[in-house]
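Structure here, sequence nowhere to be found:
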């Protein structure tokens, strides 16, 4: 478990107040255009990850978070905008890494930090996770992190992917995923790790673990998470074929819980959150842990082996070639 | 496993013939008004439980049970009415603890004794479990057994809950549950432990494991039983939210197998029973065991630890307070 | 694991070119009338099974298989007709043991040999498994192999059943099952072991693990395979009752993936195959293994114990009597 090295930084440097567009109609979907800059004082990607460890030991709550009321200020990090609503006992967390919210090492780390911050603040019992760029929820794992890098980087990256999943899957917060755009691969995993999934009814917004289509293989804990959600048979077929489900099929197979018109995704998420937060919190948290612990434990018992599997798999020439081909295809599409 | 102490009594004293309203139309639903008295010679609740052990070693069959034919007499215990129908190879077992069939230590014990009695009598291959008070199947575990008592009592009570589940879940008898009323929490567990569930189509008759709504947590084997019935995802959501499903939703999620008009519940149960009893019994029993043994074994391997978990959880001040609040709310509703 | 003895033979003697009816319309459904004879040089059933081992060590590819193009010749063994279509990267494998494709030791062995042959030939990434006698896919395990024989025979037979399941369930080939007739018991297991199941829409073509109806019990790995396909609850009920599902119900419960008009089964299978073969093969194979290995391992860890269980179960007088009664009933039906 000593794979991520690097000097420790003040993680709270990542968390700074930002201009908050308010919570009026439409605010959830647009806004947040600025603030994409880099937090000062960071010397490298490894530091970000190590930072999440620091935060874990010392909560590092900023004054902006604990306060609140309807006028609570937004905060967040360069790639994760957090809009707190302590009056409702919740916050909205928006992925903000244009153009496609690819889960880079930095975004993964900032997500973990933001989540820990909210978990350590008793004002919050729930988080709505959504995209700041409607149209794309998240394109999933960042192929640039898995292509043409060295084994140490792959190891660090994979550890961060594990970390995010473990944090989300076992979070004592209620996590509602407002899937307001396409959600392939790692984007789908992110959604599956929440407690409830609402998908915008737009045929372009497909969701699924489509790794095989890229010539790569979802690890066992991606598969476990999908099996827990849609059952063994549907998962087996979806994983082998790398299926991406459009809304109606996604609902039918159960990979999302609800499909609503695009402009109702955020409001529905808030209604659902209110329903979940009405349940006595302690009992709900213990129940969630009861249902998810065995699945999380499977990874916890073999994190290092899983990292090594990933590193050796992704380092293969044939896999690197597949990824190159896929990346080129994506880049041509853009042009 | 030495948690239940107490002097042993003649368990067969619990089983006595009673006036049987016959099996004509309507008999299954009403009747059984008398017989609610207390069996003589019992000195306390612990004795009842110890009694089930005695019965286990020595079947204690009463003449009334083995005989039969269409005119077979009813028998049972104060809180469980048994209407044998040896010609059909089955009996109807009715919960009779007004007003809500709460699963007190006494009712749990009598259910186990009645079931053992039928299991030990080769005239019977199946049992229909239903309520003698249509409108409420069972309100579940008796909160009075879990509130304001001492740890030894909690331990004894929980062991009896375990015992009933283990008996039902692995019974070689075909168990059809005729759910003719509301069936929350422990009432739902009772239904889930059977082989088939028929719910009366009345929107008031909801069914589910709603423990979190009371601020308590269903133990892992309640959760396992629900997962085995409706799958992991539906169970995770239902358990976290403490959902109670009305008939149409109950059928859709699969927590019951069939929904029929209220006046057809008992006759449907008999038809379904005939279908199940037409299967060669030995093969069916081995198959049932094959499907359920691993789940039962999870509890069997840790019964004492599970009891201790329950005792320490239920003894917490915060839990006791939640239960008090809930009980008071229930009592106000009645007034 | 030393249960199957017997001299080794040249397994390739089993594989010989045969007259191929071509792949024009209708060819898949009819034809194959001849070729039912016995391969020369075989001295007994045990040899056939031992032969599959020989082939495993030495592929024994025949020239007819590796070649191909649209005009590739058919090959196969007396009871398994193989129609290669290397241009499409696949072959059609037809069960040809009239009248009901009962899975005799010989048929089991030939299926394993044919499958291994295709697996060892890189021209093939997929196989469509179907019946050469539309109307019956396979009547399942051959009762004649389980009735009135000695324990050594039962052991050998059961090992062959295990072998076929393990081969199919973990095959790196895409297996599409074109279920063009009734498919009870072992016939259903064969279908369940494939990656995708298409059933002809004819109410007579029922599918299911109906072992209990015969007074016997499906072993744990039959049950596991069914649970993986239709979930725990549906499997528990289906196995206890020995249910055979007609097409609409089969689709609803998920024991098949698709129901199509009878004359479209083969063409649909080809379309589905094309979809599966479009997925990068290596990633798909690793994913399949990820999803199925744990289930296969359960048997692999206790193959001998499972064989001994079968032998002692099937040798019981009561079971032998049940089977005799059932066989007589079947024979009367024919007359």
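Ah, there it is. This is a predicted model, so every value here is computed, not measured.

Once you drop chain neighbours, what's closest to residue A:125?
Leaving aside its sequence neighbours, residue A:125 sits nearest to residue A:89 (Cβ to Cβ, 6 or more residues apart in numbering or on different chains; 4.6 Å). For glycine as for every other residue, the C-beta is placed from the backbone atoms N, C-alpha and C.

OK, contacts around the one you found?
A:123-126, A:277 (Cβ atoms under 8 Å, 6 or more residues apart in numbering or on different chains).

Same list (the residues you listed) but as TSV, adding distance to residue A:255.
Shown next, in TSV, are the contacts of residue A:89 (distance: Cβ to Cβ, whole Å):
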residue	distance to residue A:255
A:123	32
A:124	27
A:125	25
A:126	21
A:277	24
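
got a pLDDT number for the residue nearest to residue A:125?
At residue A:89, the model reports a pLDDT of 98.

and residue A:93, helix, strand or coil?
Counting by DSSP: H, G, I helix; E, B strand; the rest coil, the backbone at residue A:93 sits in strand.

Same question for residue A:114.
Under three-state DSSP, residue A:114 comes out as helix.

Quick one: residues contacting it.
Residues counted as contacts of residue A:114 (Cβ under 8 Å, 6+ apart) are A:15, A:76-77, A:80, A:82, A:93.

what's the pLDDT at it?
Residue A:114 is assigned 97 on the pLDDT scale.

Identify the residue spatially nearest to it, adjacent ones excluded.
residue A:80 (4.7 Å).

bridging residues for the one you found?
Counting by DSSP bridges, residue A:80 is bridged to residue A:77, residue A:95.

gap between the residue nearest to residue A:125 and chain B?
For residue A:89, the distance to chain B equals 16 Å [Cβ to the nearest Cβ, to the nearest Å].

check which helix or strand covers the residue lying closest to residue A:318 once chain neighbours are set aside.
The shortest distance from residue A:318 to any residue other than its chain neighbours is 7.5 Å, reached at residue C:282 (Cβ to Cβ, 6+ apart). Using DSSP states H and E, residue C:282 sits in helix C:281-300.

Return the list of helices and strands in contact with that helix.
Packing partners of helix C:281-300 (3 or more Cβ pairs under 8 Å, 6 or more residues apart in numbering or on different chains; DSSP states H and E): helix A:220-230, helix A:232-241, helix C:151-169, helix C:220-230.

chain center to the next helix or strand along the chain from it: distance?
On the C-terminal side of helix C:281-300, the nearest following helix or strand under DSSP H and E is helix C:303-314. Distance of helix C:303-314 from its chain centroid, counting by Cα atoms, centre = their mean, to the nearest Å, is 21 Å.

now swap in stretch A:165-175 and tell me
Distance of stretch A:165-175 from its chain centroid, counting by Cα atoms, centre = their mean, is 10 Å.

which residue sits closest to the residue nearest the centre of chain A, ignoring its sequence neighbours?
Chain A has residue A:190 as the residue nearest its centroid, 4.2 Å off, counting by Cα atoms, centre = their mean. Distances taken as Cβ to Cβ, 6+ apart put residue A:138 closest to residue A:190, at 6.0 Å, once the chain neighbours are dropped.

cool, and residue A:311?
In this structure, residue A:311 finds its nearest non-sequential neighbour in residue A:154, 4.6 Å apart by Cβ to Cβ, 6+ apart.

Might one say that the one you found is in contact with residue A:316?
No - using Cβ atoms under 8 Å as the test, residue A:154 is too far from residue A:316 to be in contact (11.4 Å).

And for residue A:272, the neighbour number?
Neighbourhood size, residue A:272 [other Cβ atoms under 10 Å in any protein chain shown]: 21.

ok, it touching residue A:198?
Yes - contact criterion Cβ under 8 Å: residue A:272 and residue A:198 qualify, at 6.8 Å.

what is in contact with the two at once?
Jointly contacting residue A:272 and residue A:198 under the rule Cβ under 8 Å, 6+ apart are A:176, A:258.

the helices in chain A, which residues?
Counting by DSSP state H, chain A has these helices, from start to end: A:45-57, A:63-66, A:105-119, A:151-169, A:185-192, A:220-230, A:232-241, A:247-253, A:265-277, A:281-300, A:303-314, A:317-334.

Minimum distance to residue B:299: which of these has it?
With Cβ to Cβ as the criterion, residue B:299 lies closest to helix A:281-300 of the helices of chain A, at 13.8 Å.

any idea of the mean pLDDT in the closest one?
pLDDT averaged over helix A:281-300 gives 97.

for the stretch 51-200 of chain A, which spans come out with low pLDDT?
For the stretch 51-200 of chain A, the stretches flagged by pLDDT under 70 are A:51-72.

At the contact with chain C, which residues of it appear?
By Cβ under 8 Å from any Cβ of the partner chain, no residue of the stretch 51-200 of chain A approaches chain C.

Enumerate every residue touching whichever residue of the stretch 51-200 of chain A sits closest to chain B.
Closest to chain B within the stretch 51-200 of chain A is residue A:195: 6.9 Å, counting by Cβ to the nearest Cβ. Going by Cβ under 8 Å, 6+ apart, residue A:195 touches A:174-176, A:276, A:288, B:237, B:240.

so which of these comes closest to residue A:214?
residue A:175 (26.5 Å).

Was I right to think the closest one contacts residue A:191?
No - at 9.5 Å, residue A:175 does not count as touching residue A:191 under the criterion of Cβ under 8 Å.

list the residues that contact both of these two?
The contact sets of residue A:175 and residue A:191 overlap at residue A:129 (Cβ under 8 Å, 6+ apart).

how deep is the closest residue to chain C within the stretch 1-150 of chain A tucked in, by neighbour count?
With Cβ to the nearest Cβ as the measure, residue A:146 is the residue of the stretch 1-150 of chain A nearest to chain C, at 14.0 Å. With neighbours defined by other Cβ under 10 Å, the count for residue A:146 comes to 23.

One more: residue A:170?
Residues lying near residue A:170 (other Cβ under 10 Å) number 17.

picking that back up, neighbour count: residue A:154 and residue A:316, which is higher?
Neighbour totals were compared for residue A:154 and residue A:316, and residue A:154 leads with 22 against 11 (other Cβ under 10 Å).

At the contact with chain C, which residues of the stretch 201-335 of chain A appear?
Counting by Cβ under 8 Å from any Cβ, the residues of the stretch 201-335 of chain A near chain C are A:211-218, A:220, A:223, A:231-233, A:235-237, A:239-242, A:318, A:322.

Could you identify the buried members of the residues you listed?
Among those, those scoring as buried are A:211-218, A:220, A:223, A:231-233, A:235-237, A:239-242, A:322 (criterion: 16 or more other Cβ atoms under 10 Å in any protein chain shown).

Which members of these additionally contact chain B?
Answer for those near chain B (Cβ under 8 Å from any Cβ): residue A:231.

ok, back up a step: quick one: the residue nearest to residue A:318 and residue C:172, what's the gap?
Distance of residue C:282 to residue C:172, computed by Cβ to Cβ, to the nearest Å: 9 Å.

and those two? which has more neighbours close in?
Set side by side, residue C:282 and residue C:172 show more neighbours around residue C:282, with 17 against 14, by other Cβ under 10 Å.

Now do the contacts for the residue nearest to residue A:204 when sequence neighbours are not counted.
Nearest residue to residue A:204, sequence neighbours excluded (Cβ to Cβ, 6+ apart): residue A:182, at 6.5 Å. Shown in contact with residue A:182 (Cβ under 8 Å, 6+ apart): A:135-137, A:139, A:204-207.

sorry, back to before: for residue C:311, find the nearest of the helices and strands packed on helix C:281-300.
Comparing the helices and strands packed on helix C:281-300 by Cβ to Cβ, helix C:151-169 comes nearest, at 4.6 Å.

for the closest one, which positions count as buried?
C:153-169.

what packs against it?
Packing contacts for helix C:151-169, counted by 3+ Cβ pairs under 8 Å, 6+ apart, involve helix C:45-57, helix C:105-119, helix C:185-192, helix C:220-230, helix C:281-300, helix C:303-314.

List the residues that contact residue A:166.
Counting by Cβ under 8 Å, 6+ apart, residue A:166 has contacts A:296, A:299-300.

can you do 10 Å?
By Cβ atoms under 10 Å, 6 or more residues apart in numbering or on different chains, the residues touching residue A:166 are A:112, A:193, A:221, A:296, A:299-300, A:303.
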